[in-house]
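**Q** Next input, structure requested:
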Amino acid sequence: MGNADEQAGLTAMPFETPGESFPGSAFYYLEDAPRLAADYAELREDEGALETVEFAESHGAGAAAEAFRQAGSGVDKARALQCLSMAVYYEAASESYGGQQAVAQVVLNRVAHPAYPASVCGVVFQGSERTTGCQFSFTCDGSLRRTPARRGWAVAQSVALAALTGEVYRPIGLATHYHTNYVNPYWAASLDYIRTIGAHRFYRWKGGAGTAGAFTDAYAGSEPLAAPTVRRADVRELDSGPVSSAATARTGFEAAAPAASATAAADTPRDAGKLPQSGTVREEYANSGRWISQPGQQP
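**A** Sure, this is the predicted structure:
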């Protein structure tokens with residue numbers, strides 16, 4: 001009896017009323033709606049604190065680099081922009097804007113350091129004439145055969161232009177090296193680790209070489225071609241050691257000289273007492289080729 005009175009006092013919910021519901025309508029009347037997807041904004045709250053595995057203690061950014069000062073002709077400036085844009089795109093196109101700025105800053109830091117070429121293109125394409133040993137892997141691993149995506153290239157170019165016109169990316173300070181965080185190159189231990197930005201770990205030289213006073217090269221604006229250095233067959237020979245130019249010239253001359261003359265001279269023995277006979281000399285002149293044995297005598 002009590003149960004019947006209790007049930008009579010309950011009000012039917014809309015999805016329980018005939019004609020006012022449809023299959024699955026109860027879902028929309030639940031008091032606490034379930035979360036259908038992860039709240040990524042919530043997950044990102046601590047993203048800045050996450051780091052890859054640390055290989056070394058961070059030394060911090062330290063002193064910031066000086067603003068880059070452009071120089072040279074219009075062609076030099078165009079080449080510098082092209083080379084730096086290529087470095088940013090092929091090295092960090094998938095990185096954040098800050099990650100791309102960091103790569104651009106490393107290139108310009110090297111331009112100012114006496115250990116590297118004093119031009120943007122010289123730094124970017126250093127070692128590109130070799131199959132191994134290039135400073136930036138994209139210059140010798142075939143990446144340049146890949147046509148840049150239009151949007152990605154536009155972003156990389158804007159980063160490069162900002163850096164070349166004096167914008168300094170301070171978070172990496174005087175960094176001159178970086179590598180992706182899924183490798184641990186042998187040289188990393190010889191440098192001071194600064195920090196990780198995106199997928200790259202940044203470093204600077206240890207000791208005085210990594211201080212502001214070491215970055216003494218003034219940019220002159222003499223930019224080489226915005227392309228890899230041409231690989232030549234004689235590069236390997238030059239790398240093997242110094243070669244005398246005179247010796248090289250003599251060797252080349254001797255190699256070019258016809259060998260037939262030497263062969264002919266060896267095959268024809270010569271009588272020391274006569275000149276070679278022609279076969280048509282008249283009899284009275286037959287001895288004209290002999291040496292006079294005694295002065296005043298006829299041969």
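**Q** Any stretches of this structure with poor pLDDT?
**A** Residues of the chain meeting the criterion pLDDT under 70: 1-17, 19-61, 131-132, 231-299.
**Q** show me where it has helices.
**A** Along the chain, counting by DSSP state H, helices occupy 2-9, 40-43, 74-92, 97-111, 120-124, 150-164, 234-239, 245-256, 260-267.
**Q** Give me the distance between Ser128 and Arg204.
**A** 24 Å (C-beta to C-beta, to the nearest Å). For every residue, glycine as well, the C-beta is placed using N, CA and C.
**Q** Can you pick out the residue with more neighbours from the two?
**A** Arg204 (25 against 20; other C-beta atoms under 10 Å).
**Q** what sits against the more buried one?
**A** Arg204 sits next to 59, 62, 173-177, 191-192, 194, 210 when contact means C-beta atoms under 8 Å, 6 or more residues apart in numbering.
**Q** Quickly note the distance from it to Ala92.
**A** Distance from Arg204 to Ala92, by C-beta to C-beta: 18 Å.
**Q** Same check on Tyr186?
**A** Taking C-beta to C-beta, one finds Tyr186 at 23 Å from Ala92.
**Q** Next up, the contacts around the nearest residue to Gly98 once chain neighbours are set aside.
**A** Spatial nearest neighbour of Gly98, excluding adjacent residues (C-beta to C-beta, 6 or more residues apart in numbering): Ile197 at 6.1 Å. Applying C-beta under 8 Å, 6+ apart, we find Ile197 in contact with 95-96, 98-99, 102, 171-172.
**Q** Tyr169 now?
**A** By C-beta under 8 Å, 6+ apart, the neighbours of Tyr169 are 98, 101-102, 104-105, 163.
**Q** could those residues be laid out in CSV, adding distance to Thr147 and neighbour count?
**A** Below are the contacts of Tyr169 laid out as CSV (distance: C-beta to C-beta, whole Å; neighbours: other C-beta atoms under 10 Å):
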residue, distance to Thr147, neighbour count
Gly98, 26, 14
Gln101, 24, 24
Ala102, 25, 27
Ala104, 21, 26
Gln105, 26, 27
Ala163, 24, 26
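**Q** buried residues in stretch 187-206?
**A** 188, 191-205 (16 or more other C-beta atoms under 10 Å).
**Q** related to what we said a few turns ago, adding distance to Met86, write the contacts of Ile197 out as CSV.
**A** What follows is the contacts of Ile197, written out as CSV (distance: C-beta to C-beta, whole Å):
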residue, distance to Met86
Glu95, 15
Ser96, 19
Gly98, 19
Gly99, 16
Ala102, 16
Pro171, 23
Ile172, 20
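**Q** Now the buried members of the residues you listed.
**A** So, by 16+ other C-beta under 10 Å, the buried ones in the contacts of Ile197 are 95, 99, 102, 171-172.
**Q** Just want to check the distance between the nearest residue to Leu108 once chain neighbours are set aside and Leu84.
**A** In space, and not counting its chain neighbours, Leu108 is closest to Phe68: 5.0 Å by C-beta to C-beta, 6+ apart. To Leu84, Phe68 is 10 Å away according to C-beta to C-beta.
**Q** before we move on, what about Ala227?
**A** Shown here: Ala227 relative to Leu84, a distance of 14 Å by C-beta to C-beta.
**Q** These two: which has the busier surroundings?
**A** Neighbours were counted for Ala227 and for Leu84 using other C-beta under 10 Å; Leu84 has more, 28 against 15.
**Q** Please name the residues that touch the closest residue to that one other than its chain neighbours.
**A** The shortest distance from Leu84 to any non-neighbouring residue, by C-beta to C-beta, 6+ apart, is to Ala160 (3.9 Å). By C-beta under 8 Å, 6+ apart, Ala160 lies in contact with 81, 84-85, 87-88, 104.
**Q** Output the residues you listed as JSON lines; include the columns distance to Ala149.
**A** Formatted as JSON lines, these follow (distance: C-beta to C-beta, whole Å):
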{"residue": "Leu81", "distance to Ala149": "18"}
{"residue": "Leu84", "distance to Ala149": "18"}
{"residue": "Ser85", "distance to Ala149": "13"}
{"residue": "Ala87", "distance to Ala149": "16"}
{"residue": "Val88", "distance to Ala149": "13"}
{"residue": "Ala104", "distance to Ala149": "18"}
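**Q** count of neighbours near the residue lying closest to Ala64 once chain neighbours are set aside?
**A** Nearest non-adjacent residue to Ala64, counting by C-beta to C-beta, 6+ apart: Arg170, 4.4 Å away. The local packing of Arg170 (other C-beta under 10 Å) involves 12 other residues.
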